[in-house]
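Engineer: Kindly generate the corresponding structure for this input.
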Amino acid sequence: NPKPYKTESGVTLIDFKTGTGREVYPGAYVNVKYTASVALPSTGYEQSIYDSVKGSGELFKYGNGRSIRGLDEGINGMREGGRRRIIIPPNMGYASGGGPVPRGAGGRRKLNGLIDKMNDEGGGSFVFDLEVVSVNSDPGDVGLYTDDVVTVSDFEKVRENVTRKTRRDIGVEGMVGESGVLEPDRR
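Structural biologist: Now for the predicted structure:
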């Protein structure tokens with residue numbers, strides 16, 4: 001049986017199969033297949049699926065801060081052919097911004113409903129059963145991804161910088177607080 005590994009941020013990783021191909025690295029285009037679900041306390045943590053990508057998979061750029069933090073962290077270190085379950089606590093899930101977001105309206109409605117239930121119940125987890133199909137270099141990469149090891153704090157810093165730049169570019173000086181209200185920038 002595979003042994004779970006819990007990261008410092010609370011993301012749990014369970015490797016079902018260790019890949020033997022190229023390793024995922026920041027700046028690479030990664031093709032993945034996955035099933036995404038939410039596990040809630042009220043259901044005994046039974047998984048409720050809200051999105052699935054099978055067939056030839058879905059391509060995304062790893063390490064650019066556009067995936068939910070727990071997924072970025074969970075994919076780190078995987079290789080082509082690898083299969084892993086990534087169990088993500090709420091604070092490392094969609095609250096952190098990013099995707100993947102289900103393509104269809106029905107899937108997005110289901111995800112929103114499950115997030116509402118997580119909030120109502122005060123707990124739960126996002127669960128991704130993921131397979132890395134391929135790792136491909138970006139021919140347009142200009143060397144922005146040079147770190148050999150990317151940590152959670154590295155991702156948080158990138159997100160902070162991108163958010164700050166975006167707010168400045170659109171003329172919003174401030175940030176959205178926990179209440180969802182725009183507050184003055186106090187940095």
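Engineer: Can you list the low-confidence ranges for the protein?
Structural biologist: 96, 141-156, 158-187 (pLDDT under 70).
Engineer: Helices of the chain, start to end?
Structural biologist: For the chain, the helices defined by DSSP state H occupy 69-75, 105-121, 152-169.
Engineer: list the contacts for the closest residue in space to Gly124 that isn't next to it in sequence?
Structural biologist: Using CB to CB, 6 or more residues apart in numbering and skipping the chain neighbours, the partner closest in space to Gly124 is Met118 (4.0 Å). In short, each C-beta sits where N, CA and C put it, glycine included. Met118 is in contact with Val38, Leu40, Pro90, Gly124, counting by CB atoms under 8 Å, 6 or more residues apart in numbering.
Engineer: just those now: which is nearest Gly65?
Structural biologist: Pro90 (18.9 Å; CB to CB).
Engineer: So that closest one is in contact with Ser125, correct?
Structural biologist: Yes - contact status for Pro90 versus Ser125: in contact at 7.4 Å, counting by CB atoms under 8 Å.
Engineer: Show me which of these two is the more surrounded one.
Structural biologist: Ser125 (23 against 19; other CB atoms under 10 Å).
Engineer: Contact partners for that one?
Structural biologist: By CB under 8 Å, 6+ apart, the contact list for Ser125 reads Val38, Ala39, Tyr45, Ile87, Ile88, Pro89, Pro90, Gly93.
Engineer: Any figure for the gap between it and Gln47?
Structural biologist: According to CB to CB, to the nearest Å, Ser125 and Gln47 sit 9 Å apart.
Engineer: anything in contact with each of the two?
Structural biologist: Shared contacts of Ser125 and Gln47, counting by CB under 8 Å, 6+ apart, come down to Val38, Ala39.
Engineer: pull the longest strand from this structure.
Structural biologist: Looking across the chain with DSSP state E, the single longest strand is strand 47-61.
Engineer: Just give the strands next to that strand in its sheet, each with its orientation.
Structural biologist: Partner strands and pairing direction for strand 47-61 (DSSP bridges) are strand 29-39 (antiparallel).
Engineer: And the strand it pairs with, what's buried?
Structural biologist: By neighbour count with 16 or more other CB atoms under 10 Å, strand 29-39 contains the buried residues Val30, Asn31, Val32, Lys33, Tyr34, Thr35, Ala36, Ser37, Val38, Ala39.
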